[in-house]
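# For reference, the sequence and a predicted model appear below.
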Amino acid sequence: MSTKLSIGVYAYEHTEALLDGRVTVDGVDATFETAPLVSDIFRRAVEGHYDLAEFGLTYFLRTFDLDDAPFLALPILPILPNRNFRHSAIFVNTAGGIVKPQDLAGRTVGEFALYGHDAGIWPKGILADEYGVTPDQCRWVIGGTNHPIPAFDWVPQPVPDGVDVRHAEDGQTLGAMLESGEIDALISVDVPQAVLDGSPKVARLFPDHEAVERDYYRRTGIFPPMHIIAIRRELAHRPGLARAVYDAFTQAKVLAERKYLDDATKQHMSVITPWFSTLFEENRRLLGDDWWPYGVAANRKAIDTFLRYHHEQGLSKRKLTCEDIFVPELLDT
C-alpha cells in the first residue's frame, strides 16, 4: 500500500511535470497543491497543512530555534526561479547621494516582508563581506514593496540587539516611500513599481548588476539559493521516502532543463524573448549544462554561506550546518 502525502509547491516550469502528473513519486500517492502566492505555501506548511512543502530558507531555519523543530530539508535547491543573484535586489533613491555600497551606512533601508527575508539575507551578507556594511549600520523599515502587507505573525521574527527595525505604517508601501525619499534604499524580492515605470527617482544600487553578479559567480561559485523542500520530521526517517521525493523533483527539473537544451538546435523558437539563444549560450558557458543543480554536494558552499549569514545577522541562535538541516539519507546527494 502506497504512502499518502500532501505536497505544497509553487507552479514553476521545473515543477510543472509534478503538478500535471507527468512525473510521479515512486511508491507514494502524492497530492500536489499550489497557491497564488508562494508565501501562502510557507504559511500553510507552518500551520501543518502539508507533509512536505516548499519553504523559504529563512522561514525554515527560524523553526530550528523552536523547542520542537518540526521540519528537515530535502536538498532540492532551489525549488523556484528565485535562485537569483541578489545584487539586483538593492534599490536606492537617486537623490539621496548613494552611489556605492558603502554609502548605505547610516541610512534608512526598507526590506520586504520581514527583517531577513530570503532575498535580503544574501545582499546583506554580501554587503558585509565585500563592502564592510553591516546591518547594524542602517535603520530598517519592514513592509510590502508595491502593496501594503501586515507583519508575518506566523513565523518567528528575531531582531538582533543593536539593530533598529520597525514595520511600515498601515497603508504604506516601501516602493512609494523610496520614491518619495522617506527611505533611502530598499532590499526587496519584488521590483518597485517606480523602476518598472521608468521613474528617474529610483534606481538599482548596481546599475550594471548583471556584470557584477556574473563576476560574483566566477569568483565564488555561488548561485544563491532561496528555497528548499521541507519534510515533517516524523516522515523524514521513513526508509526510502525522502529519496523517492527527491528523485521525482530531480526528474521534473531535468525535463525542464532538457527542453532548453533541445530547443537550442532551433534557436529556441518556442520562446518569445528576442536574442534568448544568445543569453542561453552565455549562461551555459558560465553555469554549465546543469545550471540548476540539486543535491548537497553541488550546493554545500552556497548553503554554508547562507547559514553563516543567517547566524551573523541574528536570525539563528547558533550556526547550523548542512548535517543539521538535511535529511540524513540525502546527505550523499
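Looks like it came in fine. Numbers count the residues shown, from 1 in each chain.
# show me where this protein has helices.
For the chain, the helices defined by DSSP state H cover 16-19, 38-46, 57-62, 118-131, 174-180, 193-196, 209-220, 233-236, 241-263, 276-287, 296-312, 322-325.
# Verify the contact between residue 76 and residue 230 for me.
No. When contacts are counted by Cβ atoms under 8 Å, residue 76 is not listed as touching residue 230 (10.0 Å). Where C-beta positions appear, they are placed from N, C-alpha and C, glycine not excepted.
# list the contacts for the residue nearest to residue 305 when sequence neighbours are not counted?
In this structure, residue 305 finds its nearest non-sequential neighbour in residue 222, 6.1 Å apart by Cβ to Cβ, 6 or more residues apart in numbering. With contact set as Cβ atoms under 8 Å, 6 or more residues apart in numbering, residue 222 has these partners: 216, 301-302, 305.
# can you pull the pLDDT of residue 222?
pLDDT recorded at residue 222 is 94.
# any weak-confidence spans in the stretch 201-333 of the chain?
Counting by pLDDT under 70, not a single residue of the stretch 201-333 of the chain qualifies.
# Could you list the domains of this protein?
3-82+224-330, 86-220 (automatic domain parsing).
# quick revisit: need the winner for burial among the helices of the chain.
The highest mean neighbour count among these, using mean count of other Cβ atoms under 10 Å, belongs to helix 57-62: a mean of 25.
# how distant is that helix from the center of its chain?
Put simply, helix 57-62 sits 10 Å off its chain's centre (Cα atoms, centre = their mean, to the nearest Å).
# Does anything pack onto it? Which helices or strands?
Here helix 57-62 touches helix 118-131, strand 227-232, helix 296-312, going by 3 or more Cβ pairs under 8 Å, 6 or more residues apart in numbering; DSSP states H and E.
# now those in a markdown table, with distance to residue 275?
Shown next, in a markdown table, are the helices and strands packed on helix 57-62 (distance: least, Cβ to Cβ, whole Å):
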| stretch | distance to residue 275 |
| --- | --- |
| helix 118-131 | 26 |
| strand 227-232 | 29 |
| helix 296-312 | 29 |
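# Quick one: closest of the ones you listed to residue 21.
Of all the helices and strands packed on helix 57-62, strand 227-232 sits nearest to residue 21, with 18.3 Å by Cβ to Cβ.
# Contacts for that closest one, please.
Defining contact as Cβ under 8 Å, 6+ apart, one finds that strand 227-232 is touched by 9, 38, 45, 51-57, 60, 70-80, 82, 118, 242, 245, 249, 327.
# same thing but at 6 Å, please
With contact meaning Cβ atoms under 6 Å, 6 or more residues apart in numbering, strand 227-232 is reached by 51-56, 60, 71-74, 76, 78-80.
# Among these, which one lies nearest to residue 13?
Using Cβ to Cβ, residue 80 is the member of the contacts of strand 227-232 that sits closest to residue 13, with 10.0 Å.
# center of this protein - which residue?
With distances taken as Cα atoms, centre = their mean, residue 226 lies nearest the centre of the chain, 2.2 Å away.
# mind checking how far that one is from residue 30?
From residue 226 across to residue 30, the span is 23 Å (Cβ to Cβ, to the nearest Å).
# Which parts of the stretch 51-200 of the chain are strands?
Using DSSP state E, counting those that start in this stretch, the strands assigned to the stretch 51-200 of the chain run over residues 52-56, 71-74, 90-93, 108-112, 139-143, 164-167, 185-187.
# how about those strands in a markdown table, adding distance to residue 132?
Compiled in a markdown table, these are given as follows (distance: least, Cβ to Cβ, whole Å):
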| stretch | distance to residue 132 |
| --- | --- |
| strand 52-56 | 27 |
| strand 71-74 | 32 |
| strand 90-93 | 15 |
| strand 108-112 | 16 |
| strand 139-143 | 18 |
| strand 164-167 | 19 |
| strand 185-187 | 16 |
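# quick one on the thing from earlier: CSV for the contacts of residue 222, including distance to residue 65?
Compiled in CSV, these are given as follows (distance: Cβ to Cβ, whole Å):
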residue, distance to residue 65
216, 30
301, 24
302, 22
305, 20
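# In those residues, find the pair that's most separated.
It's 216 and 301 that sit farthest apart of those, by Cβ to Cβ, at 12.8 Å.
# sorry, back to before: which of the helices of the chain sits closest to residue 158?
The nearest among those, by Cβ to Cβ, is helix 57-62 at 7.3 Å.
# Touching the closest one from outside, list them.
With contacts defined as Cβ under 6 Å, 6+ apart, helix 57-62 is touched by 42, 116, 118, 121, 155-156, 230, 310, 316.
# ditto for stretch 136-146
By Cβ under 6 Å, 6+ apart, stretch 136-146 touches 105, 107-112, 114-115, 162-168, 173-175, 183, 188, 190, 192-193.
# ok, of those, which come out buried?
107-112, 114-115, 163, 165, 167-168, 173-175, 183, 188, 190, 192-193 (16 or more other Cβ atoms under 10 Å).
# Next one: the closest residue to residue 171 other than its chain neighbours from residue 169, what distance?
Closest residue to residue 171 apart from its sequence neighbours, by Cβ to Cβ, 6+ apart: residue 148 at 5.5 Å. Relative to residue 169, residue 148 is positioned 9 Å away (Cβ to Cβ).
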